[in-house]
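1. generate a structure from the sequence data that follows.
(chains A and B)
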Amino acid sequence: MSVRARPAATEPVAEEPAGPAAPVTATRLPRSQRWRRDRLLIAFMLPGLLFYLIFQYGALFGSGLAFLDYVPFLGLGGSQWVGLQNFQRLFDDPDFWHAALNTLEISLLQLVLFFPAPLALAMLLHSLVYTRVKRFVQSVVYLPHFISWVIVVALFQQMLGATGVLNGWLSDAGLHTVHILGNPDAFKPMVVAQVIWKDTGWGTIIFLAALAQVDEQMYEAAALDGASALRRFWHVTLPAIRPVIALLLVLRLGDILSVGFEQILLQRDAVGPGAAEIVDTFVYVRGIKSGDFGFAAAAGLFKGVIGVLLVYAANKVSHRMGEAGVYR
Amino acid sequence: MTRNRRRPAWQEPPHPLTSGAKAVLIGLVLALVTVPFLVVVSTSLAAPAEVVANGGWVLWPAHPSLAAYTEILSGGVVGRATLVSVGITVAGTAFSLTATVLLAFALSRPGVFGGKPITLLILFTFLFPPGIIPAYLVVKELGLLDSYSALIAPVLVSTFNLVVMRGFFQGLPAELYEAARLDGASEWMMLRRITIPLSRAVLAVVGLFYAVSYWNSWFNALIYLDTPAKWPLQLVLRTYVLAGGQIADSSSSEAGLLAAPQTVQMAVVVLATIPIIAVYPFLQRFFVTGVLTGAIKS
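-> From the prediction side, this is the model:
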């Protein structure tokens, strides 16, 4: 019984100290015995593992259809191998490059306009001295994160649409009404505005946690040395939250080819693909709506590979600059 | 401890202008978040004629009535879609939470068979999520198209939730398990008698996260469900959203719905939002107690 028992607190290490005092329970058992000992735990894992095997790894290997001339009737096995032909077509397709460009433009706009917003709001919240007021504001600003994109777009329509609140006020005041929603020229800033509305509050959580960990004594010491509020921010606050900023930037860069797929798909038809086509909607429209599966999978795979390379590169850079980056 | 304030002694008292600007800013932020909700709720409660007269919305209804709500809930597309959404959310959350707890528990036990390679394989999916097309084909090959299981099985476990839960389980005191083992308890007993009773907060927050994401999801229903009669509420609502812009993509069976007056449209928006607002105070409690912040950082 005790031979099959599991070691107590720590993970077993491969090489145990050979001393006679080494407890029996800490030795690593042969694989076959661990298998028998852990039968129940393995059964616990099964539902989750099946999910990962089928829907994550199955789909990952299914990406191989990017190299096939996929015919649904013939299936994955029966379709013909066409090598890089789908990628050739993809790279020759101006619509794809247009979608990639749109994606990058929206991503960069978000980086410039949205990325600093949670930090700014977190600073504002952190500076509130009344805990109750702070809690209340926090609970209000977190809320939009949990509202679905369908509803967020509906809210924006009600506020800024042709028959919305803004245009109602403008016409009441005798001013010209504005055409914001459904206007291709305004679409990209609009997308960023929606993201700011939905996720600025949520984004403050991680910054507030970082701000709360700054040692009060550092501020006190800096203040006693005559540092102004601005200097305290620059020399105490900023260094403390730099790792968080670096981490979020690395993650954001890895995701630069993903901008709110659901959000944009919801508005794509109203605005038209000229301004609203992004890589993900391109994949969806070409693959699922038009049935060009191999081609669309090639676009998706291309995006995925670029994403991994970007995370890797951004992580390297952040290590170079002395930051921790993403764990690994 | 007067009036709940704690300004540190070293901090210079703020300039009245700064305090004023701060108050204005906070007020603005609060208004930006709450006014859209207020407009939608007010419009849904107003009389259709009043809404039309005011150009499509009202800030405060003159004669509030629940007519729009009785209309959408008395059978029809919206009533059915609401039932579908409730069913998917309840069933999906139950399955997801069960699978996540079991997997997280097994992976949290030290030295479990296959623990390390499995954890790495799971974390890898963070880095390289499968694309839309391969995911669609897997569902199709399994014959799950147009069935409700296509809305649950492909999103059964969220890796983020799994990592949060496993991290919490690993933080529970090992002595408890050791004592239980000496008493001859099986792993199943440990899960039931030790892990679950000590992890109520995490179970609640992960369960709520799952519930919110099932309730809010519409894209999977769009690509996997061919029959509009099976659509959940958010997808039905999407046709409303498009109605304001362009009705390019909606199926003909929804055409009758699109002609619905603004009050009814807004009532559907409210209906789709209410469950989120209802569970939100519970969710919020956990951010404040910081169950998540530690996990998010790791």
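2. what helix or strand is the closest residue to B:F219 other than its chain neighbours on?
-> Closest residue to B:F219 apart from its sequence neighbours, by Cβ to Cβ, 6 or more residues apart in numbering or on different chains: A:E262 at 5.6 Å. In short, each C-beta sits where N, CA and C put it, glycine included. Remark: A:E262 resides in helix A:261-271, with elements defined by DSSP states H and E.
3. hey, C-alpha coordinates of that helix in CSV?
-> This file holds the C-alpha atoms of helix A:261-271, laid out as CSV (Å, rounded to 0.1, in the frame of the first residue of the first chain):
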residue,chain,number,x,y,z
PHE,A,261,-13.4,39.1,-35.2
GLU,A,262,-16.9,39.0,-33.9
GLN,A,263,-17.1,42.7,-33.5
ILE,A,264,-16.1,43.4,-37.1
LEU,A,265,-18.0,40.5,-38.6
LEU,A,266,-21.2,42.0,-37.1
GLN,A,267,-20.6,45.3,-38.9
ARG,A,268,-19.0,44.1,-42.1
ASP,A,269,-22.1,44.0,-44.2
ALA,A,270,-23.2,47.4,-43.2
VAL,A,271,-19.8,49.0,-43.9
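4. for that helix, the averaged confidence score.
-> Mean pLDDT, helix A:261-271: 91.
5. report all helices and strands that it contacts.
-> Judged by 3 or more Cβ pairs under 8 Å, 6 or more residues apart in numbering or on different chains; DSSP states H and E, the packing partners of helix A:261-271 are helix A:149-160, helix A:184-212, helix A:273-276, helix A:279-284, helix B:219-224, helix B:233-245.
6. ok, now how distant is the most centrally placed residue in chain A from B:F126?
-> Geometric centre of chain A, nearest residue: A:D255, 6.4 Å, by Cα atoms, centre = their mean. Note on A:D255: its distance to B:F126, by Cβ to Cβ, to the nearest Å, is 11 Å.
7. please name the nearest non-neighbouring residue to A:L41.
-> Per Cβ to Cβ, 6+ apart, closest to A:L41 is B:A106, 4.2 Å.
8. what's the burial count for A:L170?
-> If you count neighbours by other Cβ atoms under 10 Å in any protein chain shown, A:L170 ends up with 14.
9. now the residue nearest to it when sequence neighbours are not counted: which helix or strand?
-> With sequence-adjacent residues excluded and distances taken as Cβ to Cβ, 6+ apart, A:L170 is closest to A:T177, at 5.2 Å. Using DSSP H and E, A:T177 falls within no helix or strand.
10. neighbours of A:T177, just the number please.
-> Neighbours of A:T177 (other Cβ under 10 Å): 15.
11. so who does it touch?
-> Shown in contact with A:T177 (Cβ atoms under 8 Å, 6 or more residues apart in numbering or on different chains): A:A162, A:N167, A:L170, A:S171.
12. quick one: secondary structure of the first one?
-> Secondary structure assignment for A:A162 (DSSP: H, G, I helix; E, B strand; the rest coil): coil.
13. helix, strand or coil: sort out the closest residue to B:L38 other than its chain neighbours for me.
-> Spatial nearest neighbour of B:L38, excluding adjacent residues (Cβ to Cβ, 6+ apart): B:L59 at 7.1 Å. Here B:L59 is recorded as coil under three-state DSSP.
14. now the one 3 residues further on
-> Reducing the assignment to helix, strand or coil with three-state DSSP, the entry for B:A62 is coil.
15. give me the nearest residue to it, chain neighbours excluded.
-> Here the residue nearest B:A62, using Cβ to Cβ, 6+ apart, is B:E50, at 5.8 Å.
16. per-domain residue ranges of the chain.
-> Picking chain A for this. Using automatic domain parsing, the domain parsing of chain A gives A:1-37, A:87-320.
17. nope, chain B please
-> Residue ranges for the domains of chain B, per automatic domain parsing: B:16-65, B:69-297.
18. ok, the residue nearest to B:F219 - contacts?
-> A:W149, B:W218, B:F219.
19. just name the shakiest helix or strand of chain B by mean pLDDT.
-> helix B:255-258 (a mean of 45; mean pLDDT, DSSP states H and E).
20. counting by contacts, list what the helix or strand just after that one packs against.
-> Note on helix B:255-258: by DSSP H and E, the next helix or strand toward the C-terminus is helix B:262-289. Contact here means 3+ Cβ pairs under 8 Å, 6+ apart; on that basis helix B:262-289 packs against helix A:131-142, helix A:149-160, helix B:16-45, helix B:48-53, helix B:67-73, helix B:76-108, helix B:200-216, helix B:233-245.
21. between these, which one is closest to A:F282.
-> Minimum separation from A:F282 across the helices and strands packed on helix B:262-289 (Cβ to Cβ) falls at helix A:149-160, 18.6 Å.
22. which regions of chain B lie under the pLDDT threshold?
-> For chain B, applying pLDDT under 70 flags the ranges B:1-6, B:240-260, B:287-298.
23. give me the most central residue, it.
-> B:V212 (1.7 Å).
24. my read: it touches B:I277, true?
-> No: counting by Cβ atoms under 8 Å, B:V212 sits too far from B:I277 to count as a contact (11.1 Å).
25. and A:Y219, how far is that from chain B?
-> 7 Å (Cβ to the nearest Cβ, to the nearest Å).
26. quick check: that residue touching B:P8?
-> Yes: applying Cβ under 8 Å as the test, A:Y219 and B:P8 come out as touching, 7.4 Å apart.
27. neighbour-wise, which of those two wins?
-> For A:Y219 versus B:P8, neighbours defined as other Cβ under 10 Å are more numerous around A:Y219 (19 against 10).
28. how close does that one sit to A:F295?
-> For A:Y219, the distance to A:F295 - Cβ to Cβ - is 57 Å.
29. before we move on, what about A:S258?
-> From A:S258 to A:F295 the distance is 20 Å (Cβ to Cβ).
30. what does B:A106 give?
-> Taken as Cβ to Cβ, the span from B:A106 to A:F295 is 40 Å.
31. kindly report the same for A:V165.
-> 43 Å.
32. ok, of the contacts of A:E262, which one's closest to A:T281?
-> Using Cβ to Cβ, those come closest to A:T281 at B:F219, 11.1 Å.
33. I'd say that closest one and A:L265 touch.
-> Yes: contact criterion Cβ under 8 Å: B:F219 and A:L265 qualify, at 7.3 Å.
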